[in-house]
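**Q** With the input below, show me the fold.
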Amino acid sequence: MKLVVISTEFFGAGGFRAANRIYLALSSIGINVKKFTSNEDYRDNNCSLKRSSVTKFFQLIKPRLSNLVIKIIFRDTQARSLSILSSGLHKLINKMDVDIVNLHWVNGEFLSITDIGNIKKPLIWTLHDMWAFCGTEHVAVNEEWKSGYMLNARNTLTLSRWIDRGIFKLKQHKWKNFNIVVPSNWLKNCAKESVLFGQMRISVIPNALDLNIWRPKDKSVARNILGLPKNGTLIMFSAVNLCDANKGYPLLIEALNKVNLEESVTLVLVGGGSVEKENLQINVIQLGHLADDISLSLVYSAVDMVIVPSRIESFGQVAAEAHACGTPVVCFKTSGLIDIVDHMKTGYLATPYCTQDLAKGIEWVLSDQLQYKLLCINARQKAEQHWSYQVVGKRYEKLCDHILNGKPD
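**A** Model (predicted):
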């Protein structure tokens, strides 16, 4: 069996890193798998691609042009993609010496909607957000994807809505039938309720983790290496962009100001962006971006808990990484996080989006030492049972066998 894993990038944001980990999971179980990305050349037995300087220039310009159009038309902070500028790369993909194509996050004008629709090889599309079954939105705040962006008296046809509707209709016209993989039951339910993917085959396979890297480490040693306080409670909040409204930093601040703990508390921030610290009644340390997995795993081991106050998570990568390092997670009972955190077993699921209950969860996790140790053990066991390279790789292999051999689930 030969596969190619296709993603705009393989490092950086969560969806890119998840694609790389799935590639590594497939490799770890002996599958012949290649990568194909927006900025590297490609070669196999059937075809090759060597990008010229001109091609690389246009690949650099296209996403900037698309983002400029989005900024002018939509005037909001939502993550959006058009994906309408064809690269013609479907021709190369159709010639590749592979049995199955595994798409991941292919926006940034890497593959257009038309390019995706013209892929003829058996295709598995692993979704990392909602874009594939929405208009331009990556995280939809409304539910127009359920109705197909219909026109009615309540929805006036503004330019932005016309673009959303047009992108949706283009997908509807160009895409016929895919094998969809989603990392959580919540995202599966969303896709099933959508006009675009409601009739397609949808499988839930979580994202993968290398549990040799993402593992518990001695807390005192980790704190010493990172220069974090040796004593007191450390609480972690992590996001690529700490200011991302969806990640819920203001909700975290509100909850922390309601927490009543006996010992000193320090909030450890991991990620970019300048966020409010003045109104917090606790100490704050901002570590900035930590790009490598080893450094991140050290932080997860150094802290006493991780707070994920997100409004929507397609999976909950931060929560999964924390659990793999044996660290409890407190979050809202929402979206993909429900699959990650087992309430009062590996952490605490607070009522969405009640900061009083989030504060209660923080206090509960630290309320009993024996209970805390059990939470840590259960968190690691959850990771071993569901997110290892072997477990995830085998689930993808089984799906591929079904597709190639025409077997039912």
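
**Q** Now do R64 against G108, distance only.
**A** From R64 over to G108 the distance is 10 Å, taken as CB to CB, to the nearest Å. Yep, even glycine has a C-beta here, placed from its N, CA and C like the rest.

**Q** Show me which of the two is the more surrounded one.
**A** More crowded of R64 and G108, by other CB atoms under 10 Å: G108, with 17 against 11.

**Q** Which per-residue confidence value corresponds to the more buried one?
**A** On pLDDT, G108 comes in at 94.

**Q** Using the three-state scheme, assign it.
**A** Recorded secondary structure, G108: coil (DSSP: H, G, I helix; E, B strand; the rest coil).

**Q** Just give me the neighbour total for the residue lying closest to R223 once chain neighbours are set aside.
**A** For R223, ignoring the flanking residues on the chain, the nearest one in space by CB to CB, 6 or more residues apart in numbering is A302 at 4.6 Å. A302 has 25 neighbouring residues, counting by other CB under 10 Å.

**Q** and the gap between W162 and A350?
**A** Taking CB to CB, one finds W162 at 39 Å from A350.

**Q** Just the mean pLDDT for stretch 68-87, thanks.
**A** Computed over stretch 68-87, the average pLDDT equals 92.

**Q** would you list every one of the strands in the stretch 151-300 of the chain?
**A** Along the stretch 151-300 of the chain, the segments classed as strands by DSSP state E, counting those that start in this stretch run 179-182, 201-204, 233-241, 265-272, 283-288.

**Q** Do I have it right that L89 meets D115?
**A** Yes: assessed by CB atoms under 8 Å, L89 is found in contact with D115 at 5.9 Å.

**Q** Got the domain ranges for this structure?
**A** Domain ranges of the chain: 2-208+389-405, 219-386, per automatic domain parsing.

**Q** how long is the last one end to end?
**A** For domain 219-386, the first-to-last residue distance is 24 Å (CA to CA, to the nearest Å).

**Q** pLDDT of that domain, averaged?
**A** 95.

**Q** how far does that domain sit from the chain's center?
**A** 17 Å (CA atoms, centre = their mean, to the nearest Å).

**Q** Do you have the helices of the stretch 151-300 of the chain handy? List them.
**A** Remark: helices assigned in the stretch 151-300 of the chain by DSSP state H, counting those that start in this stretch are 159-174, 185-193, 219-226, 249-256, 293-302.

**Q** what's the angle from the fourth one to strand 283-288?
**A** Per axes from the mean of the first three to the mean of the last three CA atoms, to 10 degrees, the angle that helix 249-256 makes with strand 283-288 is 150 degrees.

**Q** Next: the third one.
**A** Using the same axes, to 10 degrees, the direction of helix 219-226 lies 60 degrees away from that of strand 283-288.

**Q** rewinding a little: for the strands of the stretch 151-300 of the chain, which one ends up most surrounded?
**A** A comparison of the strands of the stretch 151-300 of the chain by mean neighbour count, using mean count of other CB atoms under 10 Å, puts strand 179-182 on top with a mean of 23.

**Q** Now do that strand: which elements does it pack against?
**A** On a contact count with 3 or more CB pairs under 8 Å, 6 or more residues apart in numbering; DSSP states H and E, strand 179-182 meets strand 123-126, helix 185-193, strand 201-204, helix 389-405.
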